[in-house]
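Engineer: quick one, structure for this:
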Amino acid sequence: MGGYSQTSEPIVFERDCAAVMVPQGQVVTLPAGQSGYITQALGGSFTVFVDGNLFRIDGADADAIGKEQPTALTLAEGAGDEEVEKLVWQQLRTCYDPEIPVNVVDLGLVYECTIEKCLNESVETGQRKVKVVMTLTAPGCGMGDILVDDVRTKIEAIPTVAEADVELTFDPPWNHTMMSDVAKLETGML
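Structural biologist: So this is what the prediction gives:
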């Protein structure tokens, strides 16, 4: 567990707050008054170190640790698929494996991302459906469901996106050669 130091930003929970244990994926409540440290604050969610364990705090609960909630996304009126796709990739880059401070795009976990218009009885509704096929760094990772939910939630936060279909696959299995050079540099693999 390199990289986690006690010099990270100290926090005290201002209210009871739901948190997810890393990497087990179990949901717990951290009580008001509990102290800890922020070890990672990327993509609007936080990884905190409390009593020897790591927990993920959702951005919607940022106020519990005295932080600002992420701002809502906006899209120009009449924006085309291209702008939406740009925003989808931007959002994907805010999704992080809680144990690795590199986003899922640079890790090479996103295999496919397609955008299609929603049709309602042969009429375009102006709404879109996004399909993402992704993998995890390791099958059976307890954080898999949380990461998939994070990706889905972040994409569905984009205006005009009615639905995000996020599919997990382990074919082909992920390996470190799929990482971008930036990711390899950040994890010391380059």
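Engineer: surely Val161 meets Arg152?
Structural biologist: No: shown here, Val161 and Arg152 do not form a contact pair, counting by Cβ atoms under 8 Å, at 10.2 Å. C-betas here are computed from N, CA, C, even on glycine.
Engineer: out of the two, which sits in the busier spot?
Structural biologist: Using other Cβ atoms under 10 Å as the criterion, Val161 and Arg152 rank with Val161 on top: 21 against 17.
Engineer: contacts only, for the more buried one.
Structural biologist: By Cβ atoms under 8 Å, 6 or more residues apart in numbering, Val161 lies in contact with 84, 88, 127-130, 155.
Engineer: can you check Ala18 too?
Structural biologist: Residues near Ala18 by Cβ under 8 Å, 6+ apart: 27-29, 58, 61.
Engineer: repeat that for 10 Å
Structural biologist: Going by Cβ atoms under 10 Å, 6 or more residues apart in numbering, Ala18 touches 27-30, 55-58, 60-61, 64.
Engineer: do you know how far it is from Phe55?
Structural biologist: Using Cβ to Cβ, to the nearest Å, Ala18 is found at 10 Å from Phe55.
Engineer: who touches both of these two?
Structural biologist: Residues touching both Ala18 and Phe55 (Cβ under 10 Å, 6+ apart): 27-28, 30.
Engineer: top of these by neighbour count?
Structural biologist: Leu30 (23 neighbours).
Engineer: in this structure Ala60 contacts Ala72, no?
Structural biologist: No: if you go by Cβ atoms under 10 Å, Ala60 and Ala72 don't touch, sitting 11.6 Å apart.
Engineer: more neighbours, those two?
Structural biologist: Just comparing Ala60 and Ala72: by other Cβ under 10 Å the higher neighbour count belongs to Ala60, 13 against 7.
Engineer: what about the protein, any weak spots by pLDDT?
Structural biologist: Scanning the chain for pLDDT under 70 picks out the ranges 1-7, 121-124.
Engineer: contacting residues around the most centrally placed residue in it?
Structural biologist: With distances taken as Cα atoms, centre = their mean, the chain has Cys95 as the residue nearest its mean C-alpha position (2.5 Å). Counting by Cβ under 10 Å, 6+ apart, Cys95 touches 42-45, 103-105, 107, 109-110, 132, 134, 147-155.
Engineer: repeat for Lys184
Structural biologist: By Cβ under 10 Å, 6+ apart, the residues touching Lys184 are 102, 106-108, 176-177, 190.
Engineer: how about a cut-off of 7 Å?
Structural biologist: Going by Cβ atoms under 7 Å, 6 or more residues apart in numbering, Lys184 touches Leu190.
Engineer: with Val105 instead?
Structural biologist: Contacts of Val105 were listed using Cβ under 7 Å, 6+ apart, and they are 89, 92-93.
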